[in-house]
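*Asks:* I'd like to go over a predicted model; first the sequence, then the structure.
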Amino acid sequence: MPLPGDSADFVISEYGASLWCDPDAWLAEAARLLRPGGDLVFLTNSLLVTLCAPDEGPATDRLLRDQRGLRVLTYPEEGVEFHLAHGDWIATLARHGFTVKALHELYAPEDAQPTKYEWVTPAWARRWPVEEIWAATWRS
């Protein structure tokens with residue numbers, strides 16, 4: 001059952017919509033749900049890890065993709081992911097009535113250990129941000 005418009009003070013996407021849905025589609029839905037002044041927080045891969053990661057294997061210390069024009073990546077096994085440059089995120093959020101409050105770039109701590117996720121190593125994530133947390137307010 002869909003939620004009514006103007007029904008939320010806070011919307012969050014921990015990956016999910018913010019990575020696997022077209023940004024214009026899910027931001028329009030977030031704006032519909034939020035009351036004026038409501039907050040949106042979303043997590044996604046860092047732009048840098050996206051630019052440095054090959055189609056298979058861990059991120060490298062070299063740029064492997066162009067940033068200009070980056071929007072959709074299709075992976076044979078995983079499907080489609082949406083990745084926008086920071087300026088494109090800011091413009092897209094503004095187009096949907098959001099004002100960016102913060103962008104937090106997350107790094108691994110010095111004592112980070114390998115995980116089951118092989119797309120980035122702890123050594124890489126100590127040097128460069130592996131995830132981003134965006135915070136925005138909907139201004140109506």
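*Replies:* That came through, no problem.
*Asks:* strand partners of the worst-scoring helix or strand of the chain on mean pLDDT, parallel vs antiparallel please.
*Replies:* Ranked by mean pLDDT, DSSP states H and E, the helix or strand of the chain with the weakest confidence is strand 72-75, at a mean of 89. Using DSSP bridges, the strands paired with strand 72-75 are strand 79-82 (antiparallel).
*Asks:* quick one: the strand it pairs with to chain centroid distance?
*Replies:* Centroid separation between strand 79-82 and its chain, computed with C-alpha atoms, centre = their mean, to the nearest Å, is 12 Å.
*Asks:* List the contacts of that strand.
*Replies:* L19, W20, C21, D22, P23, N45, R71, V72, L73, T74, Y75 (C-beta atoms under 8 Å, 6 or more residues apart in numbering). No exception for glycine: its C-beta is placed from N, CA and C like everyone else's.
*Asks:* residues in contact with the next helix or strand after it?
*Replies:* Per DSSP states H and E, strand 79-82 leads on to helix 86-95 as the next helix or strand towards the C-terminus. The contact list for helix 86-95, computed with C-beta under 8 Å, 6+ apart, reads P23, D24, L27, L47, R71, L84, T99, V100, L103, W134, A136.
*Asks:* make it 7 Å
*Replies:* P23, D24, L27, L47, L84, V100, W134, A136 (C-beta atoms under 7 Å, 6 or more residues apart in numbering).
*Asks:* okay, these in CSV with secondary structure next?
*Replies:* Supplementary listing: the contacts of helix 86-95 in CSV, determined by DSSP: H, G, I helix; E, B strand; the rest coil:
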residue, secondary structure
P23, helix
D24, helix
L27, helix
L47, helix
L84, coil
V100, strand
W134, strand
A136, strand
